[in-house]
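[1] pasting a predicted model and its sequence here:
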Amino acid sequence: MTRAEFTVMLVNALKLEGDGADLPFTDRDRIQAWARRAVSPAVRSGIVRGYDDGTFRPDAYITRAEMAVMVAAALGFRPEAATATGFRDDADIPAWAKGAVEALRSAGVVAGKGENRFDPHASATRAEAVKILIQALQHFNPAH
């Protein structure tokens, strides 16, 4: 699953509206039209940030850590950066993602893979993306 694909799924799940304007990324021309309408409101609402070099990298595979940070931001979590996660591979989780991963774990939105590993650098699969979105929506709107 690419960063653009997951952003579209997340924005559609949250029913955010956008027009594709005002993309601050240096590679904005690589963001295809079908994704621009989702990336724009995701940026505006603080769900999506680019890389330090100013790129979005729409075609890059999204990692589980990146996905967790986006979902935590979408849910309005303001996690502590240096929080321990409780996953066996906690030392492998980047510092910029630890707080988000732990906030989602504590809320029941994410669970580990086998042997209680989060596997932060693995590319997220479509199945994992759908699962985290369903869990996030249940957290966002517990009446459903």
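    Arrived safely, thanks for sending.
[2] mind listing residues that contact stretch 132-141?
    9-10, 13-14, 67-68, 71, 74-75, 104, 107-110, 124, 144 (Cβ atoms under 8 Å, 6 or more residues apart in numbering). Quick note: C-beta positions are derived from backbone N, CA and C, even for glycine.
[3] also stretch 98-105?
    By Cβ under 8 Å, 6+ apart, stretch 98-105 touches 65, 68-69, 71-73, 75, 77, 79-87, 90, 93, 110-112, 118, 120, 132.
[4] how about 7 Å then?
    Here stretch 98-105 makes contact (Cβ atoms under 7 Å, 6 or more residues apart in numbering) with 65, 68-69, 71-72, 77, 79-86, 93, 110, 118.
[5] from these, which ones fall inside helices?
    Counting by DSSP state H, those place 65, 68-69, 71-72 in helices.
[6] how about CSV for those, with neighbour count added?
    Output for the ones in helices among the contacts of stretch 98-105, formatted as CSV (neighbours: other Cβ atoms under 10 Å):
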residue, neighbour count
Ala65, 22
Ala68, 29
Val69, 25
Val71, 28
Ala72, 24
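[7] now those residues in JSON lines, with distance to Asp59 and pLDDT?
    Output for the ones in helices among the contacts of stretch 98-105, formatted as JSON lines (distance: Cβ to Cβ, whole Å; pLDDT from 0 to 100):
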{"residue": "Ala65", "distance to Asp59": "18", "pLDDT": "96"}
{"residue": "Ala68", "distance to Asp59": "20", "pLDDT": "96"}
{"residue": "Val69", "distance to Asp59": "19", "pLDDT": "95"}
{"residue": "Val71", "distance to Asp59": "20", "pLDDT": "95"}
{"residue": "Ala72", "distance to Asp59": "23", "pLDDT": "94"}
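[8] OK, contacts around Asp92?
    Counted by Cβ under 7 Å, 6+ apart, Asp92 has contacts 120-121.
[9] one more pass at 6 Å, please.
    Pro120 (Cβ atoms under 6 Å, 6 or more residues apart in numbering).
[10] mind starting the numbering at 37 from now?
    With 37 as the first residue, the last one maps to Asp128.
[11] where's it relative to Arg153, distance?
    8 Å (Cβ to Cβ, to the nearest Å).
[12] just Arg39 next, same as before
    22 Å.
[13] thank you kindly, that will do.
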